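**Q** Sequence and predicted model, in that order:
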Amino acid sequence: MTSDANIKIIIVMGVSGSGKTTIARALASRIGFAMRDGDDDHPPANIAKMKAGFPLTDEDRLPWLKTIADTIERHAENGPPLVIACSALKRVYRTLLVHGRKDVRIVFLQGSVELIAQRLKRRGGHFMPPALLESQLKTLEPPQPDEFAISVDIDASVERIVDKIVAALDLPDTSRVRTP
Ligand SMILES: Nc1ncnc2c1ncn2[C@@H]1O[C@H](COP(=O)(O)OP(=O)(O)OP(=O)(O)O)[C@@H](O)[C@H]1O
Ligand SMILES: O=C(O)[C@H](O)[C@@H](O)[C@H](O)[C@H](O)CO
């Protein structure tokens, strides 16, 4: 199999607790891309709002999405290639992020509400309250066929999920390259 040299940016999307940060980090390390957690680009007011138990609005998300869109553009133009974790719940958000670029691909982390709720309940030390999962699921617009996203079932080990993404997008598996 040949690797797709055209992919420069991979957006790992899904609701809170679907595993974006975990999978984006493991994927980036496997394929030798840089990694960024979109949560680190939220303005402090957004973090405070979520922490207090209120879902973000489109207006709250817009400046945050613009920052991420700039990061994507910069990495796509000048490198290094990047895996970015970003909820990107609505189609209009993804349109802003992808900006018609063919070198940006979307990975949608999909799972049952029960599994995600269980993982959120177990996760400690994170600003996002598990109670916001319901609004995340209501807001979610799963990618449509014309977005060329790949969907991955999260009911598997991190390694298996990364295996599936690498295979589906035909990515270079740098961690498994062995020099003699
Ligand atoms: N495949 C997996 N198997 C088992 N546990 C997982 C898996 N993926 C993620 N987790 C665990 O589930 C929890 C949620 O994962 P993570 O924080 O990566 O989700 P997230 O989508 O980035 O969430 P948020 O958007 O709220 O930051 C974490 O405790 C993580 O360790
Ligand atoms: O669009 C949103 O509502 C936010 O991005 C959330 O998804 C959180 O940032 C994330 O889930 C917590 O880490």
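**A** In hand now; what should we look at? Ligands and ions are numbered 1, 2, ... in the order given.

**Q** List the residues that contact the closest residue to Ser87 other than its chain neighbours.
**A** Spatially, and ignoring its direct neighbours in sequence, Ser87 is nearest to Met13 (6.2 Å; CB to CB, 6 or more residues apart in numbering). Quick note: C-beta positions are derived from backbone N, CA and C, even for glycine. Neighbouring residues of Met13 by CB atoms under 8 Å, 6 or more residues apart in numbering: 20, 86-89, 94, 106-109, 143, 149.

**Q** So which of those residues belong to strands?
**A** 106-109 (DSSP state E).

**Q** now that we have the contacts of Met13, which one has the most neighbours?
**A** Ala88 (29 neighbours; other CB atoms under 10 Å).

**Q** So that one versus Asp173, what's the distance?
**A** 25 Å (CB to CB, to the nearest Å).

**Q** So stretch 103-123, near ligand 1 or not?
**A** Yes - residues of stretch 103-123 contacting ligand 1 under CB under 6 Å from any ligand atom: 119, 123.

**Q** all numbers from here: first residue = 52
**A** All right, first residue 52 from here; so that's stretch 154-174.

**Q** got the CA positions of that stretch in CSV?
**A** Provided in CSV are the C-alpha atoms of stretch 154-174 (Å, rounded to 0.1, in the frame of the first residue of the first chain):
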residue,chain,number,x,y,z
ASP,A,154,-5.3,18.1,2.1
VAL,A,155,-7.5,18.3,5.2
ARG,A,156,-9.3,15.2,6.3
ILE,A,157,-11.8,14.6,9.1
VAL,A,158,-11.9,11.6,11.5
PHE,A,159,-15.2,11.3,13.4
LEU,A,160,-15.1,9.4,16.6
GLN,A,161,-18.4,7.6,17.1
GLY,A,162,-19.7,5.7,20.1
SER,A,163,-22.8,5.0,22.2
VAL,A,164,-23.9,7.6,24.7
GLU,A,165,-23.5,4.9,27.4
LEU,A,166,-19.8,4.3,26.6
ILE,A,167,-19.0,8.0,26.3
ALA,A,168,-20.8,8.9,29.6
GLN,A,169,-18.9,6.1,31.4
ARG,A,170,-15.6,7.3,30.1
LEU,A,171,-16.4,10.9,31.1
LYS,A,172,-17.5,9.8,34.6
ARG,A,173,-14.2,8.0,35.1
ARG,A,174,-12.1,10.9,33.7
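
**Q** No more questions from me, cheers.
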